[in-house]
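1. Next come a sequence and a model predicted from it.
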Amino acid sequence: MEQEKTSKINSYLTFKLGDEEFAAHVGKVLNILEMTKITTVPKAPDYLKGVINLRGAVLPVIDARIKFGMPEAEYTTNTCIIVLDIDLDGDSVHVGAIVDSVQAVLEIDNNQIMPLPTLGSRYKSEFIIGMAKIDEKFIIILNMDAVFSIDEITNLRVNTEINADNVNVEKID
Amino acid sequence: MDSFKKKFIEEASELIDKLEVTLLELEKNPDDPTQIQQVFRVMHTLKGNSSMFGFDLIDKFTHNLETVYDLIRNNQLKLTPQVLNVTLSSVDHLKAMLDEENYDDPDFLTTHNGLIAKINQLINPDKPMEEKQSVQINENKSEEVIHSYYVFFEPRKDIFKNGTNPLYLLDELTSLGKAKVFAHFNRVPLYDQINPEQCYVYWEAIIATENEVNSINDVFIFVESDSKLEIQKVADINLLADEKFLEEITQLANVQKDIGFVTVQRLANQSIARHNKSKSEVVKRERIGYKDKSTASIRVSSDKLDGLMNLVSELVTTQARLSLFAEENSVPGLAPIVENVQKLSRQLRDIAFSIVLIPIENLFGRFQRLVRDLSQELKKDVEFITEGAETELDKTIIENLSDPLMHIIRNSLDHGIEESAIRLAQGKSSKGKIQLKAFYSGANVIIQISDDGAGIDTEIIREKAIQKGIITAERKLSKKEILDLIFLPGFSTAKKVTDVSGRGVGMDVVKKKISEIRGEVEVDSEVGEGTTITIKLPLTLSIIDGLLVSINKSAYVIPLAAIDKIYAVEKSKIYTSFNNLITLDGKQIPFFSLRKEFNLSASDEELEQVVVVNFEDNSVGMVVDFVIGEYQAVLKPLGKHYKTHDIFSGATILGDGTVALVMDTNKIIKDFAKIQVINVK
């Protein structure tokens, strides 16, 4: 029943990463927080920036830029953490996403959403529901469950592990 | 499901478990009246409860079982191994009966009817000899089948005329059991008026007998019509055993003319009351003797417990903030109050956590049954010893342990313990031994299963592994590494697949289930001597006592239970050490820098601190920037995103709102050791 409700709602929260503008369905968004001190968790994948204290609960925080393969950027006063409620293997999981800035909440009708062009896309298509043209700019509508799932972790982790091993081969002598 | 039905099923399951344990005890001591009474009581309760909640099938089934044990406790039936076997099978069946969906299953019905037949046979055995024997014993001991009757017998005046001698009748009466007869001579006229051919005497008697009232009626059968006869049951107990009653009645008989039924009944009731009181006292005493903890416990729903735990956790966090605040702002009079709050919340936390912990002995009981049944089936003579039944664990952990432990014990019985003949040939005792131990070690609970059986032959495992292509023939493995191979899926060196084990779906599942509860499992074995499997589990209390340390301005928590000692060491000593060994207190201790581990640059400080923790019987030092102090950490999970990131068991929120990560020292050290190995290569 919840799904019916959310599909009737056509509101999306838009945010920016660099020059690109993205949108997330409001059903997935719990909260928007100002940037705050993040406790780093050592030896974790790059995009898992760390954890923060959200009203007594520990919330993992992902740097969306890194997840999307963009170079890391300095945090500004506009940088926010969007607290998302995503579905991970059937469980409801809270995770925070660091974005450059949050724009607005827009109404986007289903018929305004166009499928992605299959070739030449910079991002993997399973993460993107589609694109919408609002006010002359293209907004990429994301599948938040897929984007912030942990599948990518295993791939990335293997890489970082091998890297770490190589690094540690140097002895202390 | 109806909540009452659910309640009944919960309670019935507990009762059935208790029943099983008692039956196993009875097997070792078949004459223990306390245990027999306990069995009877459980059956009785089950019967009563099941009829109340509409489980008629269980009601009827337990009724017959109850009869069997009623006979046993009255010594009318002997508790033979056959009886025990039937009872144990019935217990299994009872468990099945709790699930109404089974009622349509034809196998279920077959078992059901079969058991009912067997039980009925026990109640009405074919052999008459057993009955005779039981009746004999009955006369000597039991008091509960005896009824007391009041008899008033006034024969007709001319009863002598047809040759009846009332005294003969009284003899016959008293032969039925124990009797107290009072003869009343108050109607006998003065000497000069007596007609010797007439009977002036009448009698009142109290007779205690197990016979039914008809036997008493039979005594007077020929004189019934000619005399005033009153036969009434006054009690279901032996009134004559009650001295007070005897006293009162004798007194009355001497004083009054007749005692009369009414008076007798009154006195009898008093006697019954006294009897019941003393009986219940005995029963109470018996209950205490049976270590029955259930008299002082109540059932609480786990939701309420979860709610309680959460609140206690939040209280601890808030109290930490309060303490911090009090330190930073010296308000007069605040300090002692805050200290008190800290003390109280610590005590509350300890009690709250002890509530969710239950002793592991429940599990042990189940295993007793398993070993007994299996050893019978495999025809192996095995002794099962348990130690540390009072060790407490989180309820969910215990539930998740049940299957893995059962599998391990099965393996021991099936593959480990050899048959008696083989054991004797090897110089071992014919009785095999399986030992199950549970104890605390640091921040963990250790559960060990050891047997003195055949052990695991590492050569065979190696062969099998090479066969399966898991390892190459040239690969050299340590004994431990070879033994660890049994945890791989599909691995089984059993020569034949039995019903019990050997299908190779065991040990890997065991390992998986134990990792799910954040535990570890290891196996050690000597060929010909035996095998020991050790399971290490964390005490997942969500509040742990920890040491707060700082590394690169970030705070981390090290569980206090893992820490041996803390040393302050000069930085130079650390970075110029050879082979990562440092001398502390005269001992060479391996160490590593957590800064390095966490891929951070070296610190600027001159002095660093080394926290020495215990790791599998060794000491390992971890270098931190500095130690902040003791801290009660409310453990919060890091979330699914960090699920594979196991060097941290979780995080905690400090008094100032920042997050500190809680380290799992075992995993960190293992990680470090792994990298060391690569280094050496």
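-> Ah, there it is.

2. what mean pLDDT does stretch B:6-24 have?
-> Mean per-residue pLDDT for stretch B:6-24: 84.

3. Repeat that for stretch B:404-423.
-> 84.

4. For it, buried residues please.
-> Neighbour-count burial for stretch B:404-423 flags B:404-418, B:420, B:423 (criterion: 16 or more other CB atoms under 10 Å in any protein chain shown). No exception for glycine: its C-beta is placed from N, CA and C like everyone else's.

5. At the contact with chain A, which residues of chain B appear?
-> Counting by CB under 8 Å from any CB of the partner chain, the residues of chain B close to chain A are B:314, B:317, B:554, B:575, B:580, B:597-600, B:636-645, B:647-648, B:650-651, B:653, B:657-661, B:675, B:678-679.

6. worst-scoring helix or strand of chain A, pLDDT-wise?
-> helix A:151-168 (a mean of 37; mean pLDDT, DSSP states H and E).

7. likewise chain B?
-> helix B:128-140 (a mean of 37).

8. Just the helices from the stretch 401-550 of chain B, written as ranges.
-> Secondary structure of the stretch 401-550 of chain B (DSSP state H, counting those that start in this stretch): helices at B:420-425, B:458-467, B:479-484, B:507-516.

9. and what of chain A?
-> A:2-8, A:64-67, A:144-147, A:151-168 (DSSP state H).

10. show me what contacts B:G365?
-> Taking CB atoms under 8 Å, 6 or more residues apart in numbering or on different chains, we find B:G365 in contact with B:17, B:20-21, B:24.

11. For chain B, identify the residue most remote from the centre.
-> B:D192 (79.9 Å; CA atoms, centre = their mean).

12. Pull the contacting residues for it.
-> B:D192 neighbours (CB under 8 Å, 6+ apart): none.

13. hang on, it is in a helix, isn't it?
-> Yes. Assessed by DSSP: H, G, I helix; E, B strand; the rest coil, B:D192 belongs to a helix.

14. Share the number of residues neighbouring B:T658, please.
-> Other residues near B:T658 number 16, with proximity taken as other CB atoms under 10 Å in any protein chain shown.

15. Assess the claim that it and A:V51 are in contact.
-> No. Assessed by CB atoms under 8 Å, B:T658 is found out of contact with A:V51, at 10.2 Å.

16. is it true that B:F4 touches B:G54?
-> No. If you go by CB under 8 Å, B:F4 and B:G54 don't touch, sitting 9.4 Å apart.

17. What distance do you get for the residue in chain A that chain B sits nearest to to B:T263?
-> Across chain A, the shortest distance to chain B (CB to the nearest CB) belongs to A:P42, at 3.4 Å. A:P42 is 92 Å from B:T263, where distance means CB to CB, to the nearest Å.

18. Compare those two (neighbour count), which wins?
-> A:P42 (20 against 15).

19. Look up the closest residue to that one, ignoring the ones flanking it.
-> B:F598 (3.4 Å; CB to CB, 6 or more residues apart in numbering or on different chains).

20. Could you pull up the contacting residues of residue 84?
-> Chain wasn't specified; assuming chain A. A:24, A:28-30, A:94-97, A:144, A:148.

21. Correction: the question concerned chain B.
-> Counting by CB under 8 Å, 6+ apart, B:L84 has contacts B:23, B:26-27, B:30.

22. are any of those residues buried, and which?
-> Of the contacts of B:L84, these count as buried by 16+ other CB under 10 Å: B:23, B:26-27, B:30.

23. Format the residues you listed as TSV; extra columns: secondary structure.
-> Putting the buried ones among the contacts of B:L84 into TSV (three-state DSSP) gives the following:
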residue	secondary structure
B:L23	helix
B:L26	helix
B:E27	helix
B:P30	coil
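
24. Out of those, flag the one nearest to chain A.
-> Using CB to the nearest CB, those come closest to chain A at B:L23, 42.6 Å.

25. roughly how far apart are the closest one and B:L424?
-> Counting by CB to CB, the gap from B:L23 to B:L424 is 31 Å.

26. just B:D451 next, same as before
-> In terms of CB to CB, B:D451 sits 17 Å off from B:L424.

27. higher neighbour count, the two?
-> Taking other CB under 10 Å, B:D451 and B:L424 do not tie; B:D451 has more neighbours (27 against 12).

28. I figured the more buried one hits B:I417, correct?
-> Yes. Between B:D451 and B:I417 a contact is recorded at 5.9 Å, counting by CB under 8 Å.

29. Tell me who's in contact with the spatially most central residue of chain A.
-> Chain A has A:A64 as the residue nearest its centroid, 4.4 Å off, counting by CA atoms, centre = their mean. The contact partners of A:A64, by CB under 8 Å, 6+ apart, come to A:17, A:97-99, A:147.

30. buried subset of those residues?
-> For the contacts of A:A64, buried by 16+ other CB under 10 Å: A:17, A:97-99, A:147.

31. if we can go back for a sec, who touches both of B:T658 and A:V51?
-> A:T39.

32. coming back round to it: got the contacts of A:A64 as TSV, with distance to B:L584 and pLDDT columns?
-> Formatted as TSV, the contacts of A:A64 follow (distance: CB to CB, whole Å; pLDDT from 0 to 100):
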residue	distance to B:L584	pLDDT
A:L17	50	88
A:A97	45	92
A:I98	42	93
A:V99	48	92
A:V147	49	81
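
33. Any chance of a markdown table for these, columns distance to B:K343?
-> Conversion of the contacts of A:A64 to a markdown table gives the following (distance: CB to CB, whole Å):
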| residue | distance to B:K343 |
| --- | --- |
| A:L17 | 51 |
| A:A97 | 42 |
| A:I98 | 42 |
| A:V99 | 46 |
| A:V147 | 48 |
